[in-house]
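Asker: this one's structure only:
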Ligand code: CA
């Protein structure tokens, strides 16, 4: 477990999908349908467990497990294109209930805010700004474009600490996925898992989460009490 003194916290690092956006149900549905289109069974629960991996890595994992071989470039591209177009066809994600309130409380407290996401969506900043106006500029987002190794590697979170200019012990991470929790814990940051999806609490606790909350509203209450 990572020790933390909440009165000394200077920055809150937020994951995006499943934390700020309620986008995981659509991601899971798109993965399930994309794999089904090539005759492979892939459950929404598996999609939640794998959240945070790149699309290519998710597909590789399935091919290795089922067929004992790597997926070819064209197989990966075909499947990932199907997944992406299905996801887009489901429409824009909605804001996670309680996320706007949590960002407002964090800002009121004078704490720094950074988004740390594996997403490589080019319109990311526009989307963030549309849903949560005034919180995100290019300096406080770490995305797939900024790192060599994605979650569960600690690199994205280490880069966020550097960008925010705070040591690990003065930051907390808000994550909803086991691989994201692993990445944050490996970066030495106190990690609050918010179970906004269909995973069992144990999935997040076994990944190393230091604390578990049921939703983003509880996060607001908690941050409000920091002094
Ligand atoms: Ca997430």
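Answerer: All right, it came through fine. The structure presented is a predicted model; accordingly, all values stated were derived computationally and were not measured.
Asker: Now for residue 12: which residues touch it?
Answerer: By CB atoms under 8 Å, 6 or more residues apart in numbering, the contact list for residue 12 reads 106, 111, 112, 113, 114, 171, 172, 173, 174, 223. All C-beta spots, glycine's among them, are computed from the backbone N, C-alpha and C.
Asker: which SSE is the last one in?
Answerer: It stands for residue 223. Following DSSP states H and E, one finds residue 223 within helix 216-224.
Asker: Tell me the helices and strands packed up against that helix.
Answerer: The contact analysis (3 or more CB pairs under 8 Å, 6 or more residues apart in numbering; DSSP states H and E) places helix 216-224 against helix 99-108, strand 190-194.
Asker: let's see 6 Å
Answerer: Under the contact definition 3 or more CB pairs under 6 Å, 6 or more residues apart in numbering; DSSP states H and E, helix 216-224 sits against helix 99-108.
Asker: ok and the residue in this structure nearest the ion?
Answerer: Using CB to the ion, the point where the chain gets nearest to the ion is residue 18, with a distance of 3.8 Å.
Asker: Pretty sure that residue sits against residue 24.
Answerer: Yes: counting by CB atoms under 6 Å, residue 24 is a contact partner of residue 18 at 4.4 Å.
Asker: This structure against the ion: which residues are in contact?
Answerer: By CB under 5 Å from the ion, the residues of the chain that approach the ion are 15, 17, 18, 176, 177.
Asker: Residue 68: which of those residues is nearest?
Answerer: Among those, residue 177 lies closest to residue 68 (CB to CB), at 26.7 Å.
Asker: Find the nearest non-adjacent residue to that closest one, please.
Answerer: residue 51 (3.9 Å; CB to CB, 6 or more residues apart in numbering).
Asker: For that neighbour, give me the backbone phi and psi.
Answerer: Backbone geometry at residue 51, expressed as degrees, to the nearest 10, gives phi -50, psi 130.
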